[in-house]
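>>> Need the 3D shape of this:
(5 chains)
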Amino acid sequence: MDLSSLIGILSGIGFIIGCILLGGPITMFIDAPSIVIVCGGTVSSTMIAYPLGDVLGMFKVSIKVFMFKIEKPEDIIANLTEISNKARKGGLLSIEGDIQGTSDPYLAQALQMTVDGVKTDDIGDIMQKKMDLTKKNLETGSDVFRSMAAYAPAFGMIGTLIGLVQMLANLDDPSAIGPSMSVAMITTFYGAILANLLFTPMSNKLKGRNDAELTNMNIIYEGVLSIREGEHPKLMEDKLKVYLGNAAAKEKK
Amino acid sequence: MDLSSLIGILSGIGFIIGCILLGGPITMFIDAPSIVIVCGGTVSSTMIAYPLGDVLGMFKVSIKVFMFKIEKPEDIIANLTEISNKARKGGLLSIEGDIQGTSDPYLAQALQMTVDGVKTDDIGDIMQKKMDLTKKNLETGSDVFRSMAAYAPAFGMIGTLIGLVQMLANLDDPSAIGPSMSVAMITTFYGAILANLLFTPMSNKLKGRNDAELTNMNIIYEGVLSIREGEHPKLMEDKLKVYLGNAAAKEKK
Amino acid sequence: MDLSSLIGILSGIGFIIGCILLGGPITMFIDAPSIVIVCGGTVSSTMIAYPLGDVLGMFKVSIKVFMFKIEKPEDIIANLTEISNKARKGGLLSIEGDIQGTSDPYLAQALQMTVDGVKTDDIGDIMQKKMDLTKKNLETGSDVFRSMAAYAPAFGMIGTLIGLVQMLANLDDPSAIGPSMSVAMITTFYGAILANLLFTPMSNKLKGRNDAELTNMNIIYEGVLSIREGEHPKLMEDKLKVYLGNAAAKEKK
Amino acid sequence: MDLSSLIGILSGIGFIIGCILLGGPITMFIDAPSIVIVCGGTVSSTMIAYPLGDVLGMFKVSIKVFMFKIEKPEDIIANLTEISNKARKGGLLSIEGDIQGTSDPYLAQALQMTVDGVKTDDIGDIMQKKMDLTKKNLETGSDVFRSMAAYAPAFGMIGTLIGLVQMLANLDDPSAIGPSMSVAMITTFYGAILANLLFTPMSNKLKGRNDAELTNMNIIYEGVLSIREGEHPKLMEDKLKVYLGNAAAKEKK
Amino acid sequence: MDLSSLIGILSGIGFIIGCILLGGPITMFIDAPSIVIVCGGTVSSTMIAYPLGDVLGMFKVSIKVFMFKIEKPEDIIANLTEISNKARKGGLLSIEGDIQGTSDPYLAQALQMTVDGVKTDDIGDIMQKKMDLTKKNLETGSDVFRSMAAYAPAFGMIGTLIGLVQMLANLDDPSAIGPSMSVAMITTFYGAILANLLFTPMSNKLKGRNDAELTNMNIIYEGVLSIREGEHPKLMEDKLKVYLGNAAAKEKK
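As a prediction, this is how the structure comes out:
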């Protein structure tokens, strides 16, 4: 559970509702057609912009913003050091048993190639390419949200334009001008909230999440290559712990 | 047929029309001169910005957003593995027959060079350069749409300015102010829809399409070089399947 | 003659004038002081932003948008292949005669160095650096127009602000408000047209032109180095024709 | 104490308050709900966008804008030169004593590895990676402020929209229109000040601070590698003093 | 004296004043508090954003926009060729006398190292690093102006918001609305002029100046390394004259 995102979204909505209630009833700000044009338009444009799979995946990806489990870098390094020690004592073949127990498919495949005696360069090539492609896949998620953050205010403006054009064409009843404009501006209001309280920050957090996943892959990449090359486990641990220093520094902050 | 684009465009138009109908007749939003200034101005600026070929090609390119056939990476890898096996057994010359049956000119030329015994480096050079140029050509398509996404709202604003200037110069009849402004704002409305429901998302989807085409070219590039070098078909298949992992991951999402 | 630019500029102006005439006389949109502040301000800012030479060169460069003669890549390749054949038969010295007939100074200098027996690396260095500097020079042209595309709407807004401030300070005569605001908005109108129908698209087309010039220089670069190294004319032709494939693909589109 | 930041913030607030007081009482510009929606909304979005640690770290980081102690490059170079001289005379092991007295953990670890006889390449690798990760950590700080500079005006606009919608829905009392709009615009005012007087400039200064920290790390990096390689202390000093030239030039300015 | 900048700034101010005078007295556009809030706010934000040295250096740097003396590349090349000839005849030591007469410290230090027999790689390293740091220093100047170009319109808007809020809160006297809004908009007017006629173009010209300085440093860099390596003076001259071609082309334009 990501406390930060949860507090952020709840307090953000709270501040907005509170601010509204100080000035009048909340019902004034709930308008079904306005919600439909802003949300519907945003999703429509997103469907034109991305393949169906990416749009549907958006919901799965957005869970990542609020819940996110990722193996701690400390554990990965401890695990790699253990494997390195075993390989040093019993040879590369002795680590075959560990592959079964590995839940991370990236690590499992890398170890399998190591056991199979694939050349270091080829292992490095394949692992690097996998990392590049994972990076691209992960980026798609935060890209979709960034696009939505651009479409939402645009459809907010389109909704407001529809309301304004209709109001201006029927100025017969002056007493209706205010309420009509009021309704017209609600779509702009929705668009601004969707973009600035949801889509932009979510896109940003996903980017941070992806960095964490890629750091882990990087640790595995360097660790497995070090094992394959038969480097001393202690040196490998020292090299990998540089990444930890980073994580620790972040926690302290 | 690209379902996502089709659903997106139909539902997007549907949401906008629905929102309009809730407030009044749709005829209020159809104004021929406004359509002409926004669309005409956008196309005019695009013609100044790009060579004639790119502007005309735009229509052909836009079909790609809604229909898009591309060979599956799985099939390309299966095909390359087969050729690799044949070359391993019968020598590079034995694959000459396969070139005829190849529909992809990029693969055909690469295989021809392989059969002709051109050096690996030279094949790689030529294939790489072809990829770079294909990439540039493909990017032009999505660039044209991105430019149009900038020109459309600009001409929407120009149309609105024309309407406002004319209205302000003739304020004699107060009852005409509302309807005049109403008409003036319709060009801004058109520009916003063209940019946010059509051009920007289409430019974005084209970028995704191009990525898929370039991934295929990359698979062929690596596969043919591997065949030329006489690498084991199994190792080649393993290396190329990394790309599949990516495609599979995308489908699962 | 660049048909695309010519049609674009004429039709763009046509659409705008047509749209104006539908609503009233064109004279309402012609205001000498407004033209002076927008154009004058734009040119003034451009003069502060760029050296005098670049600003004056702007006029020469803008001709390139409408007229543009560039040697066809096909002809360059044919010429290089011929020279390569001659060099192969009669030695590098035999091509000295061709240098006189070469109109392109870039090719001429490269061939001269080849005949003089300058080392391949040094020729490559000098040619590469020349390309880099030509690229920078060419980019300046499209940069100037891009800057102007930013200054024009800014001075349009400054003009409108001047008009608004003056109008607001003298609200005594309500009947004058409309016409005053009408005139005030004309500068914004001019700025928007200059930026979106002229400067931005012209900057864009110039960028395309520069790409074409640099592609030609690249062909010459690779061709001359290939001749210097004594590569087989056929292989050189094959390598250079990759660029043609690009041009052909563009035409087909 | 950073005089520049302090003068800037005090004079900035002074100019704004002065400008307000010339036109009326300051109380008109203090509105608790407006402060809550702008600040609260900005912090909420930031919490969704960044992990909790980064958001809380923001306060610690913002101190850096006003207070900032960093070792002078001159002192670092003098220190490194001394160590280099000692190592040259007494061997690498003789510098072990200096490690204790070193307050900078980056320098301490680098020297420890040097004394331990780790290979130059490995030391370089680890130090370079540490620098990359420190850079990333430092950038997070200025990124958080840059994000806040985008959220603040957005929530200013959201607050204004809430006020406008409420005012427009209740136009019964014309005398209330002015004051209502006046209050509605205050959130936009807050958002603009937060973004332009606080968040954007602070993000910018932090970037400069980070550059200074990384320059110091770079000096240490080059110095320790030079010591490890046994380069002459004089040559090392000459190389490192290039960085000083920079600092000196900056001071002179 | 930079004629282009001078003409630009004078004509720009001229066009604006002329446009104002056509519509009314200039006094309407001079408002001391407005000038103070826009200029003061801009400088305050700049002081928070940059170290004191950079802010004060701004004035010195801005002189560069109007006056700018830089050694002509032709002269530098002629000078280097002469030194190269002398070194070729009398050995590297014979050029020691020239170092005294060299006004450019960059060239002087490079020659000194050459005479001292420092290794080519080390000279190259130090000169390259000096160039990088000079580049960074020079960029700071144009960065400061670019930041100011962003702060000026922001404080223009803040000033206008202050005016609007005060006006809206006191709508009792309708005849005061116009003049109040008129005054309120003047800060936006100032901000737009500062950004578009001063800061943005100045930042741009400084960038061009820096390019010229770095080109000179590049010529010296290549020239001195060529002298150190004992390359033939004629070949060195040919290589360096490529830069001249650039300068000449620029002048012709």
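
>>> Report the central residue of chain A.
A:Leu206 (2.1 Å; CA atoms, centre = their mean).

>>> Any figure for the gap between it and A:Glu71?
Distance, A:Leu206 to A:Glu71, by CB to CB, to the nearest Å: 18 Å. In short, each C-beta sits where N, CA and C put it, glycine included.

>>> close enough to count as contact, the residue nearest to the centre of chain A and A:Asp143?
No - the pair A:Leu206 / A:Asp143 is not scored as a contact, 9.2 Å apart, by CB atoms under 8 Å.

>>> quick one on the thing from earlier: what pLDDT does the model give the residue nearest to the centre of chain A?
In this model, A:Leu206 is scored at 92, pLDDT.

>>> can you check A:Ala249 too?
Looking at A:Ala249, the pLDDT reads 42.

>>> same thing with A:Glu96?
85.

>>> element containing it, please.
Using DSSP states H and E, A:Glu96 sits within helix A:96-100.

>>> Run through who's touching the helix or strand following that helix.
Heading C-terminal from helix A:96-100, the first helix or strand you meet, by DSSP H and E, is helix A:105-115. Applying CB atoms under 8 Å, 6 or more residues apart in numbering or on different chains, the contact partners of helix A:105-115 are A:76, A:83, A:92-93, A:95-96, A:98-99, A:102, A:122-123, A:126-127, A:130, A:134, A:217, A:220-221, A:224, A:227-228.

>>> among those residues, which ones are buried?
A:76, A:83, A:92, A:95, A:98-99, A:102, A:123, A:126-127, A:130, A:134, A:217, A:220-221, A:224, A:227-228 (16 or more other CB atoms under 10 Å in any protein chain shown).

>>> re the thing from before, on contacts alone, who are the packing partners of the helix holding A:Glu96?
Judged by 3 or more CB pairs under 8 Å, 6 or more residues apart in numbering or on different chains; DSSP states H and E, the packing partners of helix A:96-100 are helix A:105-115.

>>> Determine the longest helix present in chain A.
Scanning chain A for the helix with the most residues, using DSSP state H, yields helix A:120-169.

>>> For chain D, tell me whether that one is touching it.
No - using CB under 8 Å from any CB of the partner chain, helix A:120-169 stays clear of chain D, coming no nearer than 9.2 Å.

>>> Show the subsequent helix or strand relative to that helix.
helix A:174-193.

>>> List the buried residues of that following helix.
Applying 16+ other CB under 10 Å to helix A:174-193 flags A:177-193 as buried.

>>> just to revisit the earlier point, okay, and the residue nearest to the centre of chain A sits in which element?
With DSSP H and E as criterion, A:Leu206 is part of helix A:200-228.

>>> residue contacts, the residue nearest to A:Val144 when sequence neighbours are not counted?
Of all residues not flanking A:Val144 in the chain, A:Met58 sits nearest, at 5.2 Å (CB to CB, 6 or more residues apart in numbering or on different chains). In this structure, A:Met58 makes contact with A:Thr46, A:Gly141, A:Val144, A:Phe145, judged by CB under 8 Å, 6+ apart.

>>> which two in these are spaced the farthest apart?
When CB to CB is used, the two most widely separated members of the contacts of A:Met58 are A:Thr46 and A:Gly141, lying 12.4 Å apart.

>>> where in chain A is pLDDT low?
Along chain A, the model assigns pLDDT under 70 to residues A:1, A:245-253.

>>> Would you map out the domains in chain A?
Split into domains by automatic domain parsing, chain A comes to A:1-30, A:31-61+A:72-252.

>>> Buried deepest among those, which one?
domain A:31-61+A:72-252 (a mean of 19; mean count of other CB atoms under 10 Å in any protein chain shown).

>>> Surely A:Gly178 and D:Val165 touch.
No - applying CB under 8 Å as the test, A:Gly178 and D:Val165 come out as separate, 10.1 Å apart.

>>> Closest residue of the stretch 51-200 of chain A to chain E?
A:Gly178 (16.2 Å; CB to the nearest CB).

>>> Next, the contact list for the nearest residue to A:Phe199 once chain neighbours are set aside, please.
Once flanking residues are discounted, A:Phe199 sits nearest to A:Ala149: 3.6 Å by CB to CB, 6+ apart. Applying CB under 8 Å, 6+ apart to A:Ala149 gives the contacts A:Leu194, A:Ala195, A:Asn196, A:Phe199, A:Thr200, A:Ser203.

>>> how close does A:Ala149 sit to D:Gly156?
Distance from A:Ala149 to D:Gly156, by CB to CB: 17 Å.

>>> Same question for A:Gly117.
From A:Gly117 to D:Gly156 the distance is 63 Å (CB to CB).

>>> Repeat that for A:Ala150.
From A:Ala150 to D:Gly156 the distance is 20 Å (CB to CB).

>>> returning to what we had before: could you check the angle the longest helix of chain A makes with helix B:120-169?
10 degrees (axes from the mean of the first three to the mean of the last three CA atoms, to 10 degrees).

>>> angle of helix A:120-169 against helix B:174-193?
Using the same axes, to 10 degrees: helix A:120-169 against helix B:174-193 is 170 degrees.

>>> Distance from helix A:120-169 to the middle of the chain?
Offset of helix A:120-169 from its chain centre (CA atoms, centre = their mean, to the nearest Å): 11 Å.

>>> Equivalent analysis for stretch A:30-46, please.
23 Å.

>>> For chain C, give me its nearest residue in the stretch 1-150 of chain A.
A:Ala150 (19.9 Å).

>>> ok, now how distant is that residue from chain B?
Using CB to the nearest CB, to the nearest Å, we find A:Ala150 at a distance of 7 Å from chain B.

>>> ditto for A:Leu138
10 Å.

>>> thinking again about what came up before, give me the phi and psi angles of the closest residue to the residue of the stretch 51-200 of chain A closest to chain E other than its chain neighbours.
Leaving aside its sequence neighbours, A:Gly178 sits nearest to D:Leu171 (CB to CB, 6+ apart; 3.6 Å). Dihedral pair for D:Leu171: phi -90, psi 10, per degrees, to the nearest 10.

>>> if I look at D:Leu171, how far off is C:Ile20?
In terms of CB to CB, D:Leu171 sits 35 Å off from C:Ile20.

>>> A:Phe189 contacts D:Ile162, correct?
Yes - in this structure A:Phe189 lies within contact range of D:Ile162 using CB under 8 Å: 7.1 Å.

>>> So for those two, which residues contact both of them?
A:Phe29.

>>> and the residue lying closest to A:Ser175 once chain neighbours are set aside, what does it touch?
Nearest residue to A:Ser175 in three dimensions, chain neighbours excluded: D:Leu171, at 7.7 Å (CB to CB, 6+ apart). Counting by CB under 8 Å, 6+ apart, D:Leu171 makes contact with A:Ser175, A:Ile177, A:Gly178, A:Pro179, D:Ile177.

>>> Tell me the one among those residues nearest to chain C.
D:Ile177 (18.2 Å).

>>> ok, that closest one touching D:Met167?
Yes - between D:Ile177 and D:Met167 there is a contact under CB under 8 Å: 6.5 Å.

>>> Sticking with A:Gly57, tell me its helix or strand.
Going by DSSP H and E, A:Gly57 is in helix A:52-66.

>>> what sits against the residue in chain A sticking out farthest from the centre?
No residue in chain A sits farther from the centre than A:Asp172, which is 50.4 Å out by CA atoms, centre = their mean. With contact set as CB under 8 Å, 6+ apart, A:Asp172 has no partners.

>>> Now A:Lys64. Nearest residue, chain neighbours left out?
A:Arg209 (5.7 Å).

>>> quick one: contacts for the one you found?
Per CB under 8 Å, 6+ apart, neighbours of A:Arg209: A:Lys64, A:Val65, A:Phe68, A:Ile70, A:Leu138.
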